[in-house]
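[1] from the sequence below, what's the structure:
(chains A and B)
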Number of protein chains: 2
Amino acid sequence: MKLYPECVPCMLQRAMMFCRDEDDRTKREIMRRLCKLFSEKISKNITTTELAFERNKVIEELMDNRDPMKDLKEESFNAALRVYPTLKNYVEAEKNDKERFKKALKVALAGNIIEFGARDHRVNLKKLEDQIFDVVKGKLSIDDRDEIYEKVKNSREILYVTDNAGELVFDKIFIRELTRYAKICVSPLSRPVQDDAWVEDVKRAKIDESCEIVPRGDFIGIWFDKCTPEFLKKFDEVDFIIAKGMGCYETLVDHPERLEGRIALLMKVKCLPVAKNINVPLGSAVAKLL
Amino acid sequence: MKLYPECVPCMLQRAMMFCRDEDDRTKREIMRRLCKLFSEKISKNITTTELAFERNKVIEELMDNRDPMKDLKEESFNAALRVYPTLKNYVEAEKNDKERFKKALKVALAGNIIEFGARDHRVNLKKLEDQIFDVVKGKLSIDDRDEIYEKVKNSREILYVTDNAGELVFDKIFIRELTRYAKICVSPLSRPVQDDAWVEDVKRAKIDESCEIVPRGDFIGIWFDKCTPEFLKKFDEVDFIIAKGMGCYETLVDHPERLEGRIALLMKVKCLPVAKNINVPLGSAVAKLL
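    Next up, the predicted model:
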């Protein structure tokens, strides 16, 4: 997705969150350097993902801490674990296969609210159960779940591309449901970036016990030019792909030639540029076959 | 007040609000040019006011519209006018002079919530009466109203330095109260800047009928280096000064030598850097003798 002008202050705001524990001198230097970078990079051609990648490189260069969101990820992980049994029971109480699948998908989608720093979105970990059930019980703005169910039923192997670390707990509920139909390969990031899930987070959520893990790189979304060879091989091999979150939307939307109806995108629309781009209201929940 | 690193994304966010009606090409150019400016200007010595002034010059250079907040100011003005009779009656129902003064001061202070674009603050014009009464009935974090009343009682002439355009309607209630004690000189901006009150706004609120108007310049707050000579003369001549809003705080706090207990500052604390600087919680209402 091409950068919207509105993304600029938001991307700096998010940078401030990454360096919130640094001293003012470091924060100021990060802001100065990022403004310089942005002044050189802002154009009608650059994508959000490219600029975020360059931004993160600058921040990492100026900060010792390579995982500045660790505490917040930990906190969100623990909050999700507290809600986990309720959601697991909610899904398992459903006896009809297709209905259970659709409920589990919505639980994973609802988990996508656990993101920090999106401009028009606030997750409240103290009220996480209520916020999760708001999505689970609410309407989807785009609801391709029936088609997604058919695709999954006819798949032998599925690639599951993760988003934020905290939501893994809810992905786990959906992934367990998916393993009834196919072999699942989970793809997190290769190392910590922002509050996204990386390999260790997946292991911690104990998702690896039933799945293969194939790390995809050190960027937001699915950036084909930078993906690991293992990921690209898997991407081409599998029968179907489930991708989570706005980062995946932002990167996939630029590559319609690689979609071919093989990808289900699950996301909460947490900022106005993405809402405009996909043409749904801000705050929408989307389960879209790309 | 020196620039906090946290001010940087906020100042760009506010710039986006000023150019919200422009096309994407202009918005992008504004963001690019502002990032360049910021990369050159961010230092531990620059003040928020200086950077905002430079920012506004860049925006004005790239936009034809010299008063981009006009619609929003108009809307807030009309919302304030709808609430005006209730607040006027609320103050006038009080028969004790000192109590009426203190209530009127709080009404003017409450009007300071009518500001757009502060990062940690949202005014809801549809619920303006409730939001105003929240402040009017609430506690002040710093409450020097008794001392301010004494100063006003002993003044022959008072200078009243305005903040946002919409809050003039509430200033008018306080100014009417002040005219019981002294001659009032009102100082808005010389031309439209952001959503701040300028000369025409004061006339529109019909405050000029009972007061002299002395425009102070084209910047936020009271920036002594750039004030009009007429304002500076008045500032030195009068017995007492009442200044509204965070902009006045941010500029005055750098000039303790000019305060001398002659200035009452009324503001709602609408962002974290100012809250940190004055050491009160975010969202506080403050009536402080400087």
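[2] pretty sure A:L3 contacts A:T48?
    Yes - the pair A:L3 and A:T48 qualifies as a contact (CB atoms under 8 Å) at a distance of 5.4 Å. C-beta here means a position set from N, CA and C on the backbone, and glycine is covered the same way.
[3] count of neighbours near the nearest residue to A:W198 once chain neighbours are set aside?
    Counting by CB to CB, 6 or more residues apart in numbering or on different chains, A:W198 lies nearest to A:L189, which is 4.3 Å off, once chain neighbours are set aside. Using other CB atoms under 10 Å in any protein chain shown, A:L189 has 23 neighbouring residues.
[4] likewise the one 3 residues further on?
    As a burial measure, the neighbour count of A:P192 was computed by other CB under 10 Å and equals 21.
[5] now do the contacts for the most centrally placed residue in chain A.
    In chain A, the centroid-proximal residue (CA atoms, centre = their mean) is A:D163; its distance is 2.2 Å. Residues counted as contacts of A:D163 (CB atoms under 8 Å, 6 or more residues apart in numbering or on different chains) are A:N112, A:E115, A:D196, A:A197, A:K244, A:G245, A:M246, A:G247, A:C248, A:M267.
[6] out of those, which is nearest to chain B?
    Of all those, chain B sits closest to A:E115, with 17.3 Å by CB to the nearest CB.
[7] and that closest one, which of the three is it?
    At A:E115, secondary structure determined by DSSP: H, G, I helix; E, B strand; the rest coil is coil.
[8] who does the closest residue to it other than its chain neighbours bridge with?
    In space, and not counting its chain neighbours, A:E115 is closest to A:N164: 4.9 Å by CB to CB, 6+ apart. In this entry, A:N164 is beta-bridged to A:D196, by DSSP bridges.
[9] A:N164 and A:I113 touch, don't they?
    No - the criterion here is CB under 8 Å, and A:N164 misses it with A:I113 at 9.0 Å.
[10] coming back round to it: reformat the contacts of A:D163 as TSV; add pLDDT, distance to A:D218 and neighbour count.
    TSV is the format used below for the contacts of A:D163 (pLDDT from 0 to 100; distance: CB to CB, whole Å; neighbours: other CB atoms under 10 Å in any protein chain shown):
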residue	pLDDT	distance to A:D218	neighbour count
A:N112	97	21	25
A:E115	89	18	25
A:D196	95	10	25
A:A197	97	13	29
A:K244	98	17	29
A:G245	97	16	25
A:M246	97	18	28
A:G247	97	12	27
A:C248	98	15	25
A:M267	98	21	25
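[11] quick one: pLDDT of the residue nearest to A:E115?
    Confidence at A:N164, expressed as pLDDT, is 96.
[12] for the stretch 101-250 of chain A, which residue gets nearest to chain B?
    Counting by CB to the nearest CB, the stretch 101-250 of chain A gets nearest chain B through A:R119, at 8.3 Å.
[13] report the angle between the helix or strand containing A:Q13 and helix B:7-18.
    According to DSSP states H and E, A:Q13 maps onto helix A:7-18. Following axes from the mean of the first three to the mean of the last three CA atoms, to 10 degrees, one obtains 160 degrees for the angle between helix A:7-18 and helix B:7-18.
[14] wait, does helix A:7-18 contact chain B?
    Yes - using CB under 8 Å from any CB of the partner chain, helix A:7-18 reaches chain B at A:V8, A:P9, A:C10, A:L12, A:Q13, A:A15, A:M16.
[15] residues in contact with that helix: which ones?
    Contacts with helix A:7-18, where a contact means CB under 8 Å, 6+ apart, come from A:27, A:30-31, A:34-35, A:38, A:42, A:48, A:51-52, A:55-56, A:59, A:63, A:68-69, A:116-119, A:194, A:271, A:273, B:5-6, B:8-10, B:12-13, B:15-16, B:31, B:35.
[16] would you mind identifying the next helix or strand past it?
    Next element after helix A:7-18 (DSSP H and E): helix A:24-41.
[17] next, the angle helix B:7-18 makes with that next one.
    40 degrees.
[18] what's the average pLDDT for the helix or strand that helix A:24-41 is followed by?
    Next in sequence after helix A:24-41, counting helices and strands by DSSP H and E, comes helix A:48-62. For helix A:48-62, mean pLDDT is 96.
[19] with just CA atoms, put helix A:48-62 into PDB.
    C-alpha atoms of helix A:48-62 as PDB (Å, rounded to 0.1, in the frame of the first residue of the first chain):
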ATOM      1  CA  THR A  48       4.100   2.100   4.200                       C
ATOM      2  CA  THR A  49       6.100  -1.200   4.700                       C
ATOM      3  CA  GLU A  50       9.200   0.200   3.000                       C
ATOM      4  CA  LEU A  51       9.200   3.400   5.100                       C
ATOM      5  CA  ALA A  52       8.500   1.400   8.300                       C
ATOM      6  CA  PHE A  53      11.400  -0.900   7.500                       C
ATOM      7  CA  GLU A  54      13.800   2.100   7.000                       C
ATOM      8  CA  ARG A  55      12.400   3.700  10.200                       C
ATOM      9  CA  ASN A  56      13.000   0.600  12.300                       C
ATOM     10  CA  LYS A  57      16.600   0.400  11.000                       C
ATOM     11  CA  VAL A  58      17.300   4.000  12.200                       C
ATOM     12  CA  ILE A  59      15.700   3.300  15.600                       C
ATOM     13  CA  GLU A  60      17.700   0.100  16.000                       C
ATOM     14  CA  GLU A  61      20.900   1.900  15.200                       C
ATOM     15  CA  LEU A  62      20.300   4.500  17.900                       C
END
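[20] show me what contacts A:L109?
    A:L109 touches A:V135, A:L140, A:L266, A:M267, A:K268, A:A285, A:V286, A:A287, counting by CB under 8 Å, 6+ apart.
[21] please redo it, this time with the cut-off set to 6 Å
    Neighbouring residues of A:L109 by CB atoms under 6 Å, 6 or more residues apart in numbering or on different chains: A:L266, A:A285.
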